[in-house]
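Q: what's the 3D shape of this:
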Amino acid sequence: MSSKGIITGVSGPVIQACVYGKVRMYEVPLVGNSRLLGEVIRIQGDVVDIQVYENTDGLRAGEPVVFTGELLSVKLGPGLLGTVLDGIGRPLEEIAGQNIYIPRGFQSESIPNDREWDFVPLVKPGENVHGGTVIGEVMEGSYLKHMVMIPPEKGSLVVDHVSGEGAYRAEDIVAILSDGTEIRLSQKWEVRKSRPYYKRLHFDTPLMTGQRILDTLFPLALGGAAVLPGGFGTGKTVTQQSLAKYCNADIIVYIGCGERGNEMTEVLEEFSQLMDPSHDAPLLERMVLIANTSNMPVAAREASIYLGMTIAEYYRDMGYDVAMMADSTSRWAEALREIAGRLEEMPGEEGYPAYLGSRLAQYYERAGRVVPLCGENKEGSVTIINAVSPPGGDFSEPVTQSSLRLAGAFWGLDKQLAQQRHFPAINWNSSYTLYSFQLQEYFVKQLGEEWESLKRFLTVTLDKEKRLKDLVQIVGRDGLSESDKWVLEFADLAKIFFLQQNAFSEEDAWCDLEKQKYMITVLKELNKMILEKIEKGVLFEQIHNFPFRKKLLELRKYSAEEMVVHAEKMYEEIERTVVGQVVE
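A: Numbering: from 1, shown residues only. Okay, here's the model as predicted:
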């Protein structure tokens, strides 16, 4: 039963109303004569506070409020992939056909009901089913199968009726269970409530990103969580876009949470033209985009994170690996802060509400690699990659620090690296991952026992460079030994050849594991060759003039097999032109 009320106060996106009847937390009301969508966020007797997901200009005291009795939900079903939704799940393409701005009070489902899908049943009448059981499938796009599942809250039941193969719309009934439940192609789920699963699994498989610095030094596990903090201009958005294009997840959920409108425009324009590198199909066929730009209502920004996570969990329950990217959670936290301020709640550190950490924890805990309810022989995962925009690049601020306690990988972006045009500008000294030990077996199985030694060689080289740079500040570069001078030079070559990556180059935007292994092997052999000759008397000045940088950058465009051949030619040229000049 829905209740009614009237508006008694307006404070930006927060509305105070007097209610006649029963309401519950997070219930969705329709506010004012324009029937604006909102959500109950505080109850004090017969007075409730409502955050409204739309512009509240023009609302007046005395206007009616209708409480729907439902919590904020999203309609899930075929047709989600390839769509662009706003922060509360309304399709922007449908709105764009009517108006360049979102009309006030506009209500629409996240998936279309006028489109038909070819349904193939996978169960028969009389079969036992339970919550999560797949009863049929439809093709969504050219290669992804969309599973039609029993709602997860259902217990053990029997199928009374199943529709035959044919074309059905999202609201059409395709099965009836023994308790009278009607199963449609689509289902609704409350966005703030996590979807259940059978059991959690250990992290043992990496999310392959194609970014060398990430896959080699700071890998992220499927079902894990990574934080990508950085100041303005450090490349957060470009890095996340590269991950969305090239990572090995089956489904991508990309959330533009409070970002600039022109950035989201670039994302929409670029992604709509890209082809999936793993399949001969448009990239959008495996993506859901949620656009909540900085000029949209602040309350909807807070809801967009939960909307994206619910969609990610839905595809996880089908047995897919889902990567969810939010850009950025700082804007989400700012929305929390603004709402809390209007509610006159006691502020915590830097004005954020005291419950910032717990809200972040509730969100991060919905990530994971699980056995879904659809079957014990299936696995699905939700991997989180969140950008954070700390003011002034200060990583000690509350959102970054709260995220660090919850995420397993920290990919810190460095302003100085970005100014030097070193991209991705991930600082190898401050970044870390907690998944290395759990993923070690996978990498050794794929790349052999030598992978760990190659990785250790790279990290030791970068550590040596850091120590030598501190020493140079005291004694100067001329005070170093010949071998130490080479170490400094070689570390720069390693950074240019291996750690830098051009996101806009077809040859370099993505790099597979085998090629990463050979690239480090080339560096190791080069270093060994030069150090042996230095020990025999070759001076650093004799080596310095050789065009190492040019030769290594030429190698980067080749495949792993071709690189071996061309590297041998480089070694021969070095031997012939430089290293042969041994001082007797």
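Q: domain-wise, how is this protein divided?
A: As assigned by automatic domain parsing, the chain contains the domains 4-71, 112-185, 199-435, 448-579.
Q: so for the helix or strand where Ala17 lies, mean pLDDT?
A: When elements are assigned from DSSP states H and E, Ala17 belongs to strand 14-20. On average, the pLDDT along strand 14-20 is 94.
Q: can you start the count at 39 instead of 1 from here on
A: Shifting the count to begin at 39 puts that one at strand 52-58.
Q: show me what it is packed up against.
A: Counting contacts by 3 or more C-beta pairs under 8 Å, 6 or more residues apart in numbering; DSSP states H and E, strand 52-58 is packed against strand 42-49, strand 65-69, strand 85-90, strand 102-109. Glycine gets a C-beta too; all of them are placed from N, C-alpha and C.
Q: helix or strand next in line after the shortest one, which one?
A: Later in the chain than strand 65-69, the nearest helix or strand by DSSP H and E is strand 74-82.
Q: likewise the last one?
A: Proceeding N to C from strand 102-109, the next assigned helix or strand is strand 111-114, under DSSP H and E.
Q: immediately after that next one, which helix or strand?
A: Heading C-terminal from strand 111-114, the first helix or strand you meet, by DSSP H and E, is strand 122-123.
Q: chain center to that next one: distance?
A: Centroid separation between strand 122-123 and its chain, computed with C-alpha atoms, centre = their mean, to the nearest Å, is 16 Å.
Q: who touches it?
A: Contact with strand 122-123 is made by Pro129, Leu130, Glu131, Ser148, Leu306, Val326, Leu327, Ile328, Ala329, Leu345, as judged by C-beta atoms under 8 Å, 6 or more residues apart in numbering.
Q: so Thr421 belongs to a helix, correct?
A: No. Read with DSSP: H, G, I helix; E, B strand; the rest coil, Thr421 is strand and lies in no helix.
Q: restricted to strands, list the contacts of strand 122-123.
A: The members of those that map onto strands under DSSP state E are Val326, Leu327, Ile328, Ala329.
Q: got a list of what the second one touches?
A: Listed by C-beta under 8 Å, 6+ apart, the contact partners of Leu327 are Thr121, Val122, Leu123, Tyr292, Gly294, Val305, Leu306, Phe309.
Q: need the pLDDT of Val617.
A: The model's pLDDT for Val617 equals 54.
Q: and the one 5 residues further on, by the same measure?
A: Looking at Glu622, its pLDDT is 44.
Q: deepest of the domains of the chain, which one?
A: domain 237-473 (a mean of 21; mean count of other C-beta atoms under 10 Å).
Q: for it, measure first residue to last.
A: Taking C-alpha to C-alpha, to the nearest Å, domain 237-473 runs 20 Å from one end to the other.
Q: so can I have CSV of the domains of the chain showing distance to Pro116?
A: Output for the domains of the chain, formatted as CSV (distance: least, C-beta to C-beta, whole Å):
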stretch, distance to Pro116
domain 42-109, 23
domain 150-223, 5
domain 237-473, 11
domain 486-617, 29
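Q: give me the contact list for stretch 104-112.
A: 39-43, 57, 59, 61-62, 64-68, 73, 77-78, 126-127, 148, 226-231, 341, 344-345, 348-349.
Q: and for stretch 475-486?
A: Outside stretch 475-486, the residues that touch it by C-beta under 8 Å, 6+ apart are His240, Phe241, Asp242, Thr243, Pro244, Pro257, Ala259, Trp489, Glu490, Leu551, Glu552, Lys555.
Q: for it, buried residues please.
A: Neighbour-count burial for stretch 475-486, counted by 16 or more other C-beta atoms under 10 Å, picks out Gln476, Leu477, Tyr480, Phe481, Leu485.
Q: show me the helices in the stretch 289-438 of the chain, by range?
A: Ranges of helices in the stretch 289-438 of the chain, per DSSP state H, counting those that start in this stretch, are 299-311, 336-354, 367-380, 394-402, 436-442.
Q: ok, which of those comes nearest Gly517?
A: For those, the distance to Gly517 is smallest for helix 436-442, at 38.5 Å, taking C-beta to C-beta.
Q: list of residues touching the closest one?
A: Helix 436-442 has contacts (C-beta under 8 Å, 6+ apart) with 265, 267, 367-368, 371, 386-388, 390, 394-395, 398, 402, 424, 426, 428, 432-433, 448.
Q: please repeat the previous calculation with a cut-off of 6 Å.
A: If you take C-beta atoms under 6 Å, 6 or more residues apart in numbering as the criterion, helix 436-442 is touched by Val265, Pro267, Ser368, Ala371, Glu387, Glu388, Tyr390, Gly395, Leu398, Val426, Pro428.
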